[in-house]
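# Just to be clear, the model below is a prediction. Sequence and coordinates:
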Amino acid sequence: MPKAVVVRTPGGPEALEYTDVDAVAPGPGELLVEVAAAGVNYIDTYHRSGAYPLPAPFGVGLEGAGRVVGVGDDVGTVRVGDRVAWASAQGSYAERVVVPARNAILVPEGVADEVAGALPLQGLTAHYLVRSTFEVGADHTILVHAAAGGVGLLLVQLAKARGARVIGTVSTEAKEALAREAGADEVIRYDRTPFAEEVRRLTDGEGVAVVYDGVGAATFEGSLDSLRPRGLLALFGAASGPVPTFQPQVLNQKGSLYLTRPSLNAYTATREELDWRAGELFGAVADGSLTVRIGGRYPLADARRAHEDLEGRRTTAKLLLVP
């Protein structure tokens, strides 16, 4: 029987159970994929804990890459033997997973399985943030929180490729080195310096055009205070917890600011948009202009340890589970 990681009762990392599961076959519009690498993401911890409730029991994980071993009816051009990646297939912490064909991305030659498994969710997120949520350009100074994390390192690279000046925040010397290696022009150690004050200093009091904030509660107020008038806060995650309720009048008082809470589903709502974003990302990886850093590899059986390390902020870049 194939192995997978499931949650029967939501809770802490101990809720992750590595167990035998029933073999499955792909239905209409579905692919059966032998998983080569599954991406570990913060949203997986929200599902596991019950913060984003799912009917239990459920398989954990959304992202991965592997080789197609079965094809259901009404599937277009994907065939058995093709390599695919995906950002949205529940239960991806598994040896085999059923992937909706509409969510599958064909992996180009020259892109390794682990890179393909590490890129979709965080890469597509970084792409929509810098291309669509706020279209970053050469005349912009931007702030990226957790700049040495999986999304952060990609955001820094994509924004620099578009000519922006990038300020990143990190918590350790090692993470500062990673952010600078990715291209960050300035790096703020928020464990030492109030980041909003430092952003104001680095921008001669003006503030930044956009803040990309996947941290949430711990950074929200400082993110607003880092923006220039009519600047945008893109709050795309809540690694430190959800943002408390606040009065929209605050946005007026701080300079007619904009606030958005974007999601990947809304920015890949059509097949054309998914293909555009994925094509640009995989193309950049293939030509060497985008580096996908793997920060940790864990056996599938060690999913609990991966979650503990992620939530304990002991990691950088992307974490993978390798069946």
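Thanks, I have it.

# For L224, list the residues it contacts.
Going by C-beta atoms under 8 Å, 6 or more residues apart in numbering, L224 touches L233, V250, L251, K254, L257. Backbone N, C-alpha and C define where each C-beta goes, glycine included.

# what residue lies at the spatial centre of the chain?
Q122 (2.7 Å; C-alpha atoms, centre = their mean).

# how much space between that residue and G66?
Between Q122 and G66 the computed distance is 18 Å (C-beta to C-beta, to the nearest Å).

# How about D82?
Distance from D82 to G66, by C-beta to C-beta: 10 Å.

# between the two, which one's more packed in?
More crowded of D82 and G66, by other C-beta atoms under 10 Å: G66, with 28 against 15.

# Can you list the buried residues in stretch 245-264?
By 16 or more other C-beta atoms under 10 Å, the buried positions in stretch 245-264 come out as L251, K254, L257, L259, P262, L264.

# what's the closest of the residues you listed to L321?
L264 (19.8 Å; C-beta to C-beta).

# Is that closest one in contact with T125, as I believe?
Yes - using C-beta atoms under 8 Å, L264 is in contact with T125, at 5.6 Å.

# With adjacent residues omitted, what lies nearest to E30?
Leaving aside its chain neighbours, E30 sits nearest to G72 (4.4 Å; criterion: C-beta to C-beta, 6 or more residues apart in numbering).

# hmm, I was thinking of G50
Closest to G50 by C-beta to C-beta, 6+ apart is P10, at 3.3 Å.

# With V35 instead?
G66 (4.4 Å).

# how about the one you found, what does it touch?
V33, E34, V35, A36, A37, R83, V84, V97, D113, G117.

# From these, list the buried ones, please.
Buried, going by 16+ other C-beta under 10 Å: V33, V35, A36, A37, R83, V84, V97, D113, G117, out of these.

# surely the second one meets R96?
Think V35. Yes - in this structure V35 lies within contact range of R96 using C-beta under 8 Å: 6.5 Å.

# how far away is V136 from H127?
Note on V136: its distance to H127, by C-beta to C-beta, is 11 Å.

# who touches both of these two?
In contact with both V136 and H127: L158, using C-beta under 8 Å, 6+ apart.

# picking up where we left off before, could you list which of the buried residues of stretch 245-264 belong to helices?
Taking DSSP state H, the ones among these that sit in helices are L251, L264.

# Quickly list what V33 is bridged to.
On the basis of DSSP bridges, V33 takes part in beta bridges with V68, V97.

# ok, now which ones touch it?
V33 touches G64, G66, R67, V68, V69, V84, W86, R96, V97, V98, V99, counting by C-beta under 8 Å, 6+ apart.

# Let me know the helix or strand that the second one is in.
Counting by DSSP states H and E, the element that carries G66 is strand 63-71.

# What strands line up against the next helix or strand after that strand, and which way round?
Moving toward the C-terminus from strand 63-71, the first helix or strand encountered (DSSP H and E) is strand 83-86. According to DSSP bridges, strand 83-86 has the following sheet partners: strand 63-71 (antiparallel), strand 105-106 (antiparallel).

# Just checking the distance from strand 83-86 to the centre of its chain.
Distance of strand 83-86 from the chain centroid (C-alpha atoms, centre = their mean, to the nearest Å) equals 16 Å.

# again with stretch 69-86
The mean C-alpha position of stretch 69-86 is separated from the chain mean by 24 Å, C-alpha atoms, centre = their mean.
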